[in-house]
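> show me how the following folds:
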Amino acid sequence: MVAINYREKRKRAEQLVAELHDAGGSATAICADLSDATSVKAMVFELGERFGRLDGLVLNASGGLERNATADYPMAINRDAQVRMLEMALPIMGTNSRVVFVTSHQAHFVKTHPVPQDYYPVAVSKRAGEDAIRATLPELVRAEVGLSVVSGDMIEGTIIVRLLERRDPAAVGVRRQAVDLPSVEEFAEAIANEAVRSDLSPRTLFVGGSDYLATISAERP
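Residues are numbered from 1 along each chain as shown. The predicted model follows:
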């Protein structure tokens, strides 16, 4: 069973649930605002009551490019909300389960690579979220829960790229000219495969962005 969290886009979540059912899987959609602790607590309680435990947690929420986003929103959603979600979910995560933190190359490499100006607050906050999640590794090890970070280049067809393209079309255009951008399907497959990986050892997985990867010899989790 896959539980899909959404805040406002119920129709999109229900469409994804239907697609999973059509493919032979089982899924449900649960509404919760990850930036609200009470809402997250209620969602985790519902998950525990309905399913007993979580075998995997994919932290994929991202924000900060919205037109009405306040200056503190990127850090609130990309760091604070991710850490709170993990803290609240960990008690119902079973042995040999896994946490997958999803990020972008622009965020993961923000300290060493240039970032489009409009995306910079998002990149910094997502890197802060990644660092905060990595800091929980000792606790995850004690709970026998694995940790993976999946980082992707700009992903064609995602809302983040569309929002950035509205603000800074040149930045996205330059990226497309530099390398072939991964598709949504390619990135989703990498995340899904990592979520069910049986080996609990932590690792970082990169999707696309060969020019980023050429600058590093190895990535430590």
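
> direction included, what does the longest strand along the chain pair against?
Determined from DSSP state E, the single longest strand within the chain is strand 93-104. The partner list of strand 93-104 in its sheet, established with DSSP bridges, is strand 54-59 (parallel), strand 145-152 (parallel).

> contact partners of that strand?
With Cβ atoms under 8 Å, 6 or more residues apart in numbering as the test, strand 93-104 has contacts from 53-60, 62, 82, 86, 123, 126-127, 129-130, 133, 140, 143-154, 160, 191, 194-198, 200. Just so you know, the C-beta spots here come from the backbone N, C-alpha and C atoms, and that holds for glycine as well.

> now, of the residues you listed, which are buried?
For the contacts of strand 93-104, a burial check counting by 16 or more other Cβ atoms under 10 Å picks out 54, 56-59, 62, 82, 86, 123, 126-127, 129-130, 133, 140, 145-154, 160, 191, 194-195, 200.

> give me the three-state assignment for K11.
What DSSP: H, G, I helix; E, B strand; the rest coil gives for K11 is helix.

> quick one: which of the strands paired with strand 93-104 is nearest E186?
strand 145-152 (8.5 Å; Cβ to Cβ).

> toward the C-terminus, what is the element adjacent to that closest one?
Counting by DSSP states H and E, the next helix or strand C-terminal to strand 145-152 is helix 159-167.

> quick one: contacts of that following helix?
S62, L65, E66, S104, P116, D118, Y119, V122, M154, I155, A171, V172.

> what about 7 Å?
Applying Cβ atoms under 7 Å, 6 or more residues apart in numbering, the external contacts of helix 159-167 come out as S62, L65, P116, D118, Y119, M154, I155, A171, V172.

> again, but for stretch 2-22
G25, S26, A27, T28, A29, I30, C31, A32, D33, M43, L47.

> filter these down to just the ones in helices.
Counting by DSSP state H, those place M43, L47 in helices.

> what's the closest of the contacts of stretch 2-22 to E186?
Of those, the one sitting nearest to E186 (Cβ to Cβ) turns out to be G25, at 19.4 Å.

> in contact with the residue lying closest to A42 once chain neighbours are set aside, which residues are there?
Nearest residue to A42, sequence neighbours excluded (Cβ to Cβ, 6 or more residues apart in numbering): A32, at 6.7 Å. The contact partners of A32, by Cβ under 7 Å, 6+ apart, come to N5, S39, V40, A42, M43.

> and the furthest pair within the contacts of stretch 2-22?
Farthest pair in the contacts of stretch 2-22, by Cβ to Cβ: G25 and D33, 25.7 Å.

> coming back round to it: nearest to D72, out of the strands paired with strand 93-104?
strand 54-59 (19.5 Å).

> quick check: mean pLDDT across the helix or strand following the closest one?
Going down the chain from strand 54-59, the next helix or strand is helix 73-75, by DSSP H and E. Averaging pLDDT along helix 73-75 gives 95.

> alpha carbons of the host helix or strand of P138, as PDB, please.
P138 is located in helix 137-142, with elements delineated by DSSP H and E. C-alpha atoms of helix 137-142 as PDB (Å, rounded to 0.1, in the frame of the first residue of the first chain):
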ATOM      1  CA  LEU A 137      21.500   9.000  10.700                       C
ATOM      2  CA  PRO A 138      22.700   7.700  14.200                       C
ATOM      3  CA  GLU A 139      19.100   7.600  15.400                       C
ATOM      4  CA  LEU A 140      18.000   5.900  12.200                       C
ATOM      5  CA  VAL A 141      20.800   3.300  12.600                       C
ATOM      6  CA  ARG A 142      19.600   2.500  16.100                       C
END
